[in-house]
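Participant: missing the sequence, but the structure's below:
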């Protein structure tokens, strides 16, 4: 029931509770009803197929279906970085059990929060402990255990725990675990079936491996993106915006290489386990780095250098390989338009010239623009996008999208997270969704794209975990250590 | 008889059992890794995914990459393309300059652009027009003999052609069927999708780029990183499904949206908005959660006389990371601003927005008269973490990747001397390493190998199909 | 006219008729003087959110602050000025090489001097139904490139990296 309240806002803190999901639930407006979506399927004569998809793939049906990696177990040691977190959460989403081993003080990532604002951290209702949202969001079922690997007893416990798992995810600094005598070469002697995957920024070995500062600070992302030319070639050219004020190499807004390394680590672990279990193999030692796994997906850039000594340059919001394929500013933000083939090229023209006839004339008459490859020349991108923006400056994103979609052009607005959360399709087939957690109440999280499967959809059942919450259970099950001994070891600082 | 304690067998003692093992345990970690991963020696070691066969009825980057990960891990992959035309990505080359030839003998003036690189390595390339009823049988033969397929067509298309999952499950219950596309079931189900759409639509663009007050705009990641990154996430789904199938013998259908994958990697943006209504914005080259941890502009380029403008003009950026208290203190001393340290001693204070503006301005003021190399040298000399932002040439020349084998020259069977920057770099494995055989093949290069040698069709039939452009 | 300046200045009795493209990110919020690439007329503009709030106003005798990146002439078959033409268009320097081709680069060798199949046309080498084998018989198919490669080997122009 709606209630009228008078609120005085004098600082940011006063606003924080007004948007609480219990007061302003997600979604704010309901998703389109099934009948409306059925019409969409029917328009393309795909009603049967649409029904099959909805019957077999719907998000709501996922809970209760079997889990693909049920029974698989992993240990995870890592701090500060997202690589081990993302690898662990992918495995948990697929049904594996992942035990995250943290030092008694906890993973420092728990303490990170945007602009250091503690008011954005969430407090556990059960333990009262605060946790930053980045950590919380990527703690999707991993169990939290504290263990001090710097003590001999801690290492003994670690060794014992290794006997219970299929794999170990190691995102500690270069040579750290090895130096303590609990690296792969030590543990594999005890348990030859163990698969071990290092995750690093540039590497745990090699001339340019990860460094630690004189004062003990670790190498974190985006050092990986600096070392593989990803950052060098992203951003606006100094010819479009002034250098130092936008015309610079730009890093990603997220620690992107960490995510790439994390998912390749998960793939590497599963491939190694497949070889071990299906093909009669053994455990093995693996390493995935942010710099290299991101270089693996750097299109063709380094190979282009090998072709004719080209060094890929920044192109801002445009793409040097395709036209149209960009976003440009519009009346209320930025609008992305994509369409490289002739068919789409002319359809874009037909759409825009309804409102702006000059576009059709200047673009379609131009002999240079008639050939698909020639449209990628820099001059042609300049001309095309100048005229496109001339059209875009007068319309909003939603208008532009509707007009372009009428011509079946892949177009989309640049959306912010609040708009993403309320976009009709993203509510119907949830892109983000709420989860009711025991520790932190109702939370909005990004749904795994692997959540839409017929038989073993991946899913999120848990978000966030206070530090060491599972220590007692895990110590008993994985190391045979009862609560009394656990308490003693806690006193000694081993746990 | 009691065991004579003087008799002792080496095998019964703890510790290494041979000199080789002893050496292995004693050698520095660096050497151990190098020996374990043995770059260059991949081909004497087995394949992780030996025995898996996958069909790649895909286009562009996103869905092909989900399969190319399997090919690098040793699965046998068959790429299916439209006759004579091939994958549309073949026609994509940066600035129209970089093509390798031939694409197909009947089109001698058309090459395959570098845009096609890394998406279809190690794959057998066949051509097939599966619009046509006559090709249905061949398609079904492939399905019955494979473990799965990945496709990217508009939803309903394969269904109309009677090759969607509900048809294929009948002929091969072990089959794993993957659809990758923009949106999946729902109101925008038929929406086309590109990497750039993923960046824009899913919120990644909204958090990348220089802040508005700095004069910046939402910036596109230059590379098609969402295509690739979501493709790898599909591979994860495929591998998990393969594991489950070992237990149950059942395949499955996976519907994967790449635009959604971009929202998945947004970190705290979703929970921050969900709980507090706060919408995350861009923050340029700095970090929203750590200070100092960002990229600064040095006054001079490292290569002022270079002929390539990327070297000459843009070798000026340094990543500086000194967010822990002692590191930050040292940094302030190096740039001769001890007052900055005394005002921002606590990390919580210096990571606030206004503080970052002041601190990075001071850093860039200090770096104004120095080259990139100067800045790196001075900061590293003080024991801090600082590294240059490297370009493609510097990456090529970096010993680290050569030693680790993640950049190497490839003797491609058809195209000659190509620089490989992927496949090996996706991850090192000591016993079953990834490897690269070839970058790609001409359209229909393996028509005989697959249609005749695998599926059993007589060569006369294949020639007939080919003459009618059905393959 | 906004985002483009269609210059109609009378020059030698005829209108200039050159379209000067003011590219979106640079000029989205910008004020200052821009020249016409063809006739050099200096215009003052004040662009806000892509709209020409003021201008184009002629400023005879003044110097431009910048130039358009590209300009063409629709009424004479789209002859044009590319970026970097002195006095007409401003340079674009953020390029991958010092040369910009815009058309396929016919490469016969990689940067380390070994044969690379980067030129057209290639002599056909396919079998039944377009089948290809697993080797490139350079010596047979393109003997002149093979000879060139042998010379490079002799002269030490082929490197490991």
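Facilitator: Nice, thanks for sending it over. Keep in mind that this is a model prediction, so the values were computed, not measured. Numbers count the residues shown, from 1 in each chain, chains lettered A, B, ... in the order given.
Participant: Just to check, residue B:99 is in contact with residue B:116?
Facilitator: No - assessed by Cβ atoms under 8 Å, residue B:99 is found out of contact with residue B:116, at 9.5 Å. Yep, even glycine has a C-beta here, placed from its N, CA and C like the rest.
Participant: in which helix or strand would I find residue B:339?
Facilitator: Assigned by DSSP states H and E, residue B:339 belongs to helix B:338-343.
Participant: other SSEs contacting that helix?
Facilitator: Here helix B:338-343 is seen to pack against helix B:325-334, helix B:353-367 when contacts are counted using 3 or more Cβ pairs under 8 Å, 6 or more residues apart in numbering or on different chains; DSSP states H and E.
Participant: so of these, which one's packed in deepest?
Facilitator: Among those, helix B:325-334 has the highest mean neighbour count (mean count of other Cβ atoms under 10 Å in any protein chain shown), at a mean of 19.
Participant: quick one, that one and helix B:353-367 angle?
Facilitator: 50 degrees (axes from the mean of the first three to the mean of the last three Cα atoms, to 10 degrees).
Participant: Give the rounded mean pLDDT of helix B:325-334.
Facilitator: Computed over helix B:325-334, the mean pLDDT rounds to 97.
Participant: List of residues touching it?
Facilitator: For helix B:325-334, contacts defined as Cβ atoms under 8 Å, 6 or more residues apart in numbering or on different chains pick out A:213-217, B:291-292, B:320-322, B:338, B:340-341, B:344-347, B:350, B:363, B:378-379, B:382-385.
Participant: Of those residues, which belong to helices?
Facilitator: Using DSSP state H, the members of those that fall within helices are B:338, B:340-341, B:347, B:350, B:363, B:378-379.
Participant: so where is chain C shaky, pLDDT-wise?
Facilitator: C:1-2 (pLDDT under 70).
Participant: how far does the longest helix that it contains sit from the chain's center?
Facilitator: Using DSSP H, we find that the single longest helix of chain C is helix C:143-154. Taking the mean of its C-alpha atoms, helix C:143-154 sits 33 Å from the chain's own mean (Cα atoms, centre = their mean, to the nearest Å).
Participant: just stretch C:144-160 next, same as before
Facilitator: 32 Å.
Participant: residues near residue B:343, how many?
Facilitator: 15 (other Cβ atoms under 10 Å in any protein chain shown).
Participant: Now for the nearest residue to it once chain neighbours are set aside, how many residues are close by?
Facilitator: Distances taken as Cβ to Cβ, 6 or more residues apart in numbering or on different chains put residue B:349 closest to residue B:343, at 7.5 Å, once the chain neighbours are dropped. By the criterion of other Cβ under 10 Å, residue B:349 has 12 neighbours.
Participant: Contact partners for residue B:349?
Facilitator: A:116, B:343, B:355.
Participant: What subset of the contacts of helix B:325-334 is buried?
Facilitator: Listed as buried from the contacts of helix B:325-334 are A:213, A:215, A:217, B:291-292, B:320-322, B:340-341, B:344, B:347, B:350, B:363, B:378-379, B:382-385; burial here means 16 or more other Cβ atoms under 10 Å in any protein chain shown.
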